[in-house]
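**Student:** got a predicted structure here, sequence first:
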Amino acid sequence: MNSLNLSSTQIRNIAIIGVLLIVGGFIIGLLTPSLFPAQASAEAPLIDNLFQTMLIIGGAIFLLVQGLLVYSAIKFRAKPGDTSDGIHLHGNTTLEIIWTAIPAVIVTVLTILSWNVFNIMQAPKDDELVVHTTAARFNWAFAYDAPLSLVEAQGVDIANLNLPDNVKADIADGTLTIASTELHTYANRPVRMDMQSRDVIHAFWVPVFRVKQDVIPGRTTTVRFTPTLPNDPTNAESWYPVKCTELCGAQHGAMVAYTVVHPDEASFNAWMSERMMGVLFPPPDPVERGFQLLSSNIYPCYTCHIDADLAEFNWNGNVGPNLTVVGDRAVGTRANATGLSGVDYLTQSIHEPGAYLVPGYGNLMPNLGISDCDTRAIVAYLCTQTASGEPACTIDTEAYAAQCTAGAPPGAPGAEPPASAPAETTPEAEATAEATPGS
Amino acid sequence: MASVSLPAGAIPGSTQQTAPRLRVSDFLRWSVDHKVIGVQYMVTSFFFFLVGGTLAMMIRWELLTPELDVAVSGAQYNTLFTMHALVMIFLWIIPMLAGFGNYLIPLMLGAKDMAFPWLNAFAFWLIPPAGILMLISFFVSPPEAGWTMYPPLSVQYSGDGQTLAALGAHLLGISSILGAINFIVTILNMRPAGMSLWQMPLFCWSVLATSIIQVLATPFLAGALTLLLLDRMAGTTFFVPTGGGDPLLWQNIFWFYSHPAVYIMVLPAMGMLSEVLAVHARKPVFGYKLVALSSMGIGVVGFVVWAHHMFTSIQPQLRIPFMITSMIIAVPTGIKIFSWLGTIWGGKIRFTPAMLFALGFLSMFVIGGITGVTLAAIPFDVHVHDTYYVVAHFHFVLYGGSVFGIYAGIYHWWPKITGKEMNARLGHIHFWATYIGFLASFMPMHISGMLGMPRRVAVYLPEFQTLNTITSLGAFVLGLSTFIIIIAAVQSLLAGKKTTANPWRALTLEWATTSPPPATNFVNDPVVFPDPYGYGTPEAAAYVAMIEAQFDGKPSSERGIQTGGATPAPAPSVGD
C-alpha cells in the first residue's frame, strides 16, 4: 500500500485536525512567559522567542502523539472475548516518507533560527564593559579597569599621591583595578565577561540574562550580554542572582553572587568612583584595613576557614584550620614548630601555604597572590584573633601607614597631606604587580 | 505468506520434557546457560535499582526544603546524587537490558545458547565485583564529583571512593564490551534456517545496534577512566591545567562514550517496545524496515553529537556542527514514535500491564524527545544547561523510556521466564502509580530549571520550594510504586498459576517452547514463522494454534481464551 487513497471526507477531517493541532500548539506556546524569569537582557527576548517557536511546534506534536495514543487506546481496544487480530498492515511508504520529511524540515528550520540567535549572542559589541571574573570554590570575584578620570574629576591628584608600588604599577595604563563581590553593570551597556577559575570548573549563569558559560581552569572563557532591565542598587533584594551551574564541590549550591544593573552610567560611575576612593585611600590602621579586607570576602578565605568574629560574613568553611584564636597559636605552638615569629609565620601561611602544614590538614590552599600591603593588614588583623582579645603580635603601624596608604581622600574631615617619604620597595610588592584584591 | 507445516517430530504431544526444574541455588553459581545468566543479570540489576532508588528518595527528601537538613554537609549530598547516577546507569539500566538480551536473543533466534557461553558467564560475573567496588566506595570515602566525574574536581577534590568507583566502571565497561561482542556474533551467525536479517524480531535489531555502539564506544570510556586513574594515583596531569593538562579533554572523551551510552540505554528498550506493542495490539509493526534502520541510524548519528553536552564549555565556533547533528537525530527518533503509533492504529489492543507500560513509554518518550530538540538549540540550551530542565529531560528518556520499557518487558516475558502468570490487577495498579508518580516528579522539574534552579545543588532559593515539594512527593509515590511489582513478582513465584508456552499468542520464537524453556531451549528445531509480526493472517492463527497444540495440548480456541493476560490454566497435558 503505497498511496494514502483518502476520501474527500478524510482529507477534510485531517485538515480540521491539523488546524486544531496548530491552534493547540499556539495555546501551549502562550505559556512561555510564565516559564521564564524576568527578561533583563537584550538576549533574553531572542531566546524566549526561540523557545516559544519550539514550544508551539513541540506542543502541536505533543498533542498529535498523545491524541493518537488516547484515540487508539479507546477506538482500538479489544472487546471482551474478541480473540481476533488487528488488520494485517505492514506499513505505508507514503506515510513513512511524510513522517520522515516533516520532522526533517522542522529541525532544519529550528537549526537556522537557533544559529541566527547564537550568532547575535556571540557577536562582539561596540564599547563593551569588560569585567574580569574569577571563580573559586565557592565564590565569585569581579574586577574592573576603572578609568582614573572618574576620581580625578573629584579633585584627586593621582600623580602626587603616595601610593604603594603595586597600585602605581596598576594605574600605569590609566585605569585602576577595582574588585567587587557583586557584579555591577548598567542598563544598555554591552558587557563582556572574561572569566578564569582558580581551581575547578565553574559556570557563570544569570537566569534573567539567559546566558551561561563554563569557567574552566587553565583558560579564559568569555560570555557577552547586554543588561536592559535595571534593578535598585540600594536594595539587595532586587539584585539578580549569579549562580554556579557546574558542580564544584560541597557548597556548589551556595555559590551565588548578585548582579546590580544600575539605571544609567552616572549611577554606575558613582559606585565605581566610590570603590576607587576605597582602594586609593584605605584606612591607615592595618587592623581596621585587615578587617575590611576579610569581611568584604574579596579573598576567598571564608570559603575554607572559620572565624567566629567574622561569622556574620559567612566565615563558616570547615576545610582549613579554624582562625578564631589563630593569634595565640601563631606566637605559641606554631612559633615553636617553625621557629618563626608570629607575624612571619602568618605571612608565610598566606604567601607559601604549603611551607608548614597544620597537623591534620592537607596542602589544599592556593597562593592567592595577595599583595604585600594587603598581607600586612590581614596579618595585623589575625594577630588580634586571640582568646583574650589582646593582640598577640603587631606589625609596624607607621611603616604600614607610610607605605600602604595615601592619606585621607580630598574633602574628608582632618585630611592631611600624605607622608612625604616614598615607600621602600619590598620584594613582595614588586612580585605582585596585580595589586588589588580579587583581580 | 509462506504456509506453515509441522515438521516431523513436532507432532502435538510428542515432545516429552523432563528437564529438571531450576532451583534458587542454580542462580547463585557459575552457569553457562544464557537463561540462567539472563536471570542473574536481571535480579542483580534490580537489586541495584532498589539501591539507586533509595538514594533518589534521600535526594528528594533533602530537597523538600531550601536548606541543608537531611545530609550533614553539601559534600555528603553530592555523594548521594553521584552514587544514584552511577548505580542507575552502570548497575541498573545497562545490565538489566543486557539481561533481557541474554535471555531473549538465543530464544528469538531459535538457538540453543549464545555464541560464546563461557564468555557470557564471565561478562556477567564481572558485575558483582564491580557493584561491590561501587558500594564500598560509598562507605569508604564516597565520590562526590557527579557521575560525569569532571576533572579537576574528580582528580583533586573527590575522595578515594572516586578511584574505586572508576575501577568499578572499568570492570563494567569490560563486561559490556564482552557481552556486546557475544551479541553481535550470535545475531549475525546463529539465526535459524529461514530467518534473514530482515525477518529478525526488532528486539534483535535493537540489540545488534546497541552492541555495535558498545564495542565502538566503550573503549573510549576505558581510556578516559585510565587517564583519570593515572591523574589520581600516579601524579600525571592529563586533565589538570596546573600541570599542563586540559579539563576539556576529559569532557570530549567521556561524552564520546557517554552520549552513545544514552542509546545503549534506550535502544534495547525500544526494541522491547516494538515486540510488546505488536503482540498486544495484534498488529504487524508498522514500517518494520524503517524501524530497524532507524535503530542503526540513531547508532551512527549518535557518535557525532557528543559535544551537545558541552555547549557551555567548548569553543563557541565548535558548537554549531554539534547542534546540526543533534537536531538530525530527532528524525530517526520521530520515525520510531510514529511507527509505533501506526502499529497500534487499527489493532485489537489488549490492556495487559505490559501494554500499559509500552503505551506509557510512548507518551513519556515523546516528551523527552521534544525537550531533547529544544536542548539541541544552542541559545536555549545555554540558558537551561546544567539545570533541572536537563534533569527532567533525561529522566523522561531514561525513566519514561528505558525503565518503562523494562517494566513492559518484565510483564511481557515474566510468564516465559518463570512459567507463572503474574497478577494483572497488581500490574495495573503498578502502572498507574508509576505513571502518576513519574509525571508529578519530573514534569515540574522542567519549570524549576527554566526559572533558574541549577542541578546538583543541596540548597536553593526559597522561591523554588513549591515546585520541589511537588517533585519530591511525586518521587515518593514513584519510589513506593516499585514495591507493587515486587509484591506481584513474589506472589506469582509463590502462588502464581502455571502459564502456557505462548500466553500472548505471539509469533516470535521465544514463545515456541515451554515456559520456562528447557536447558537446550528447544527440544526439536523450532519452526520459524517467516514474518515475526504477521498478525491478522490465517497463517499466523494457524501457527499460534500449532504452538498451543504442541506444548499445551490443544489450541486456545478450544479452551476459551481470555484477553488481558489472564489465561486460564491449561488442561493437563503431556506437553507440560
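**Tutor:** Happy to help now that I have it. Numbers count the residues shown, from 1 in each chain, chains lettered A, B, ... in the order given.
**Student:** so what are the domain limits for chain A?
**Tutor:** When chain A is parsed with automatic domain parsing, its domains come out as A:8-67+A:92-122, A:131-280, A:286-405.
**Student:** the longest one close to chain B?
**Tutor:** Yes. Using C-beta under 8 Å from any C-beta of the partner chain, a contact is recorded between domain A:131-280 and chain B, made by A:137, A:199-201, A:203, A:205, A:207-208, A:210-214, A:216-219, A:221, A:241, A:243-254, A:256. Every residue, glycine included, has its C-beta placed from N, CA and C.
**Student:** in JSON lines: the domains of chain A, plus mean neighbour count and mean pLDDT.
**Tutor:** What follows is the domains of chain A, written out as JSON lines (neighbours: other C-beta atoms under 10 Å in any protein chain shown; pLDDT from 0 to 100):
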{"stretch": "domain A:8-67+A:92-122", "mean neighbour count": "17", "mean pLDDT": "94"}
{"stretch": "domain A:131-280", "mean neighbour count": "20", "mean pLDDT": "92"}
{"stretch": "domain A:286-405", "mean neighbour count": "18", "mean pLDDT": "86"}
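**Student:** grab the nearest non-local neighbour of the residue of the stretch 251-400 of chain A found nearest chain B.
**Tutor:** Residue nearest to chain B within the stretch 251-400 of chain A: A:Gly253 (3.0 Å; C-beta to the nearest C-beta). Excluding its sequence neighbours, the residue lying closest to A:Gly253 (C-beta to C-beta, 6 or more residues apart in numbering or on different chains) is B:Val457, at 3.0 Å.
**Student:** quick check: next helix or strand after the lengthiest helix in chain A?
**Tutor:** Taking DSSP state H as the criterion, chain A has its longest helix at helix A:43-75. Once helix A:43-75 ends, the next helix or strand along the chain (criterion: DSSP states H and E) is helix A:93-122.
**Student:** mind listing what residue 302 touches?
**Tutor:** You didn't pick a chain, so chain A it is. Counting by C-beta atoms under 8 Å, 6 or more residues apart in numbering or on different chains, A:Tyr302 makes contact with A:139, A:294, A:310, A:313-317.
**Student:** chain B, not that one
**Tutor:** For B:Gly302, the contacting residues are B:213, B:259-260, B:262-263, B:329, by C-beta under 8 Å, 6+ apart.
**Student:** from those residues, which two are the most distant?
**Tutor:** For the contacts of B:Gly302, the farthest-apart pair by C-beta to C-beta is B:Ile213 and B:Ile329; their separation is 13.0 Å.
**Student:** may I ask which helix or strand encompasses residue 268?
**Tutor:** You didn't pick a chain, so chain A it is. Assigned by DSSP H and E, A:Phe268 belongs to helix A:265-280.
**Student:** ah, no, chain B please
**Tutor:** B:Pro268 belongs to helix B:247-281 when assigned by DSSP H and E.
**Student:** list of residues touching the helix or strand that that helix is followed by?
**Tutor:** The element immediately downstream of helix B:247-281 (helix or strand, assigned by DSSP H and E) is helix B:288-301. Applying C-beta under 8 Å, 6+ apart, the contact partners of helix B:288-301 are A:90-91, A:96, A:100, B:198, B:200, B:202, B:205-206, B:208-210, B:212-213, B:260, B:263, B:267, B:270-271, B:274, B:285, B:325, B:328-329, B:331-333, B:335-336, B:339, B:533.
**Student:** check the contacts of B:Gly302 against chain A and report the nearest one.
**Tutor:** Using C-beta to the nearest C-beta, those come closest to chain A at B:Ile329, 9.0 Å.
**Student:** wait, doesn't the closest one sit right on B:Val305?
**Tutor:** Yes. B:Ile329 sits in contact with B:Val305 when judged by C-beta atoms under 8 Å, with a separation of 6.0 Å.
**Student:** still on that earlier bit, centre of the chain to the helix holding B:Pro268, how far?
**Tutor:** Mean C-alpha position of helix B:247-281 versus that of the full chain (C-alpha atoms, centre = their mean, to the nearest Å) differs by 8 Å.
**Student:** hmm, the longest helix of chain A touching chain B?
**Tutor:** Yes. Under the criterion of C-beta under 8 Å from any C-beta, chain B is reached by helix A:43-75 at A:43, A:46-47, A:50-51, A:54-55, A:58, A:61-62, A:65-66, A:68-69, A:72-73.
**Student:** for B:Val523, helix, strand, or coil?
**Tutor:** For B:Val523, the secondary-structure state derived from DSSP: H, G, I helix; E, B strand; the rest coil is coil.
**Student:** do you know how far it is from B:Glu144?
**Tutor:** 54 Å (C-beta to C-beta, to the nearest Å).
**Student:** comparing the two, which residue is more hemmed in?
**Tutor:** The residue with more neighbours, out of B:Val523 and B:Glu144, is B:Glu144; 27 against 19, by other C-beta atoms under 10 Å in any protein chain shown.
**Student:** quick check: which element contains that one?
**Tutor:** Per DSSP H and E, there is no helix or strand for B:Glu144.
**Student:** swap in A:Met195?
**Tutor:** strand A:191-197.
**Student:** what count of nearby residues applies to the closest residue to chain A within the stretch 151-300 of chain B?
**Tutor:** The minimum distance from the stretch 151-300 of chain B to chain A, using C-beta to the nearest C-beta, falls at B:Pro241 (2.6 Å). Each residue near B:Pro241 was counted by other C-beta under 10 Å, and the total is 18.
**Student:** got a list of what it touches?
**Tutor:** A:216-219, B:152, B:247.
**Student:** residues near B:His428, how many?
**Tutor:** Using other C-beta under 10 Å, B:His428 has 17 neighbouring residues.
**Student:** one more: the one 10 residues further on?
**Tutor:** Other residues within reach of B:Phe438, judged by other C-beta under 10 Å, total 23.
**Student:** what about the nearest residue to it once chain neighbours are set aside, distance to B:Phe49?
**Tutor:** Leaving aside its chain neighbours, B:Phe438 sits nearest to B:Leu478 (5.7 Å; criterion: C-beta to C-beta, 6+ apart). According to C-beta to C-beta, B:Leu478 and B:Phe49 sit 12 Å apart.
**Student:** and these two? Which one has more around it.
**Tutor:** Legend: neighbour count by other C-beta under 10 Å for B:Leu478 and B:Phe49, higher for B:Leu478 (25 against 19).
**Student:** for B:Arg232, give me phi and psi.
**Tutor:** phi -80, psi -40 (degrees, to the nearest 10).
**Student:** quick check: most distant residue from the centroid of chain A.
**Tutor:** A:Gly81 (65.7 Å; C-alpha atoms, centre = their mean).
**Student:** mind checking pLDDT for that one?
**Tutor:** As predicted, A:Gly81 sits at a pLDDT of 83.
**Student:** over to B:Ala281?
**Tutor:** Value for B:Ala281, per-residue pLDDT: 94.
**Student:** ok, back up a step: wait, a helix at the residue nearest to A:Gly253?
**Tutor:** No. Looking at B:Val457 with three-state DSSP, it is coil, so not inside a helix.
**Student:** pretty sure B:Trp125 contacts B:Ser31?
**Tutor:** No. B:Trp125 lies out of contact with B:Ser31 (C-beta under 8 Å); the separation is 10.1 Å.
**Student:** who's more crowded, those two?
**Tutor:** The neighbour comparison of B:Trp125 against B:Ser31 (other C-beta under 10 Å) goes to B:Ser31, with 19 against 14.
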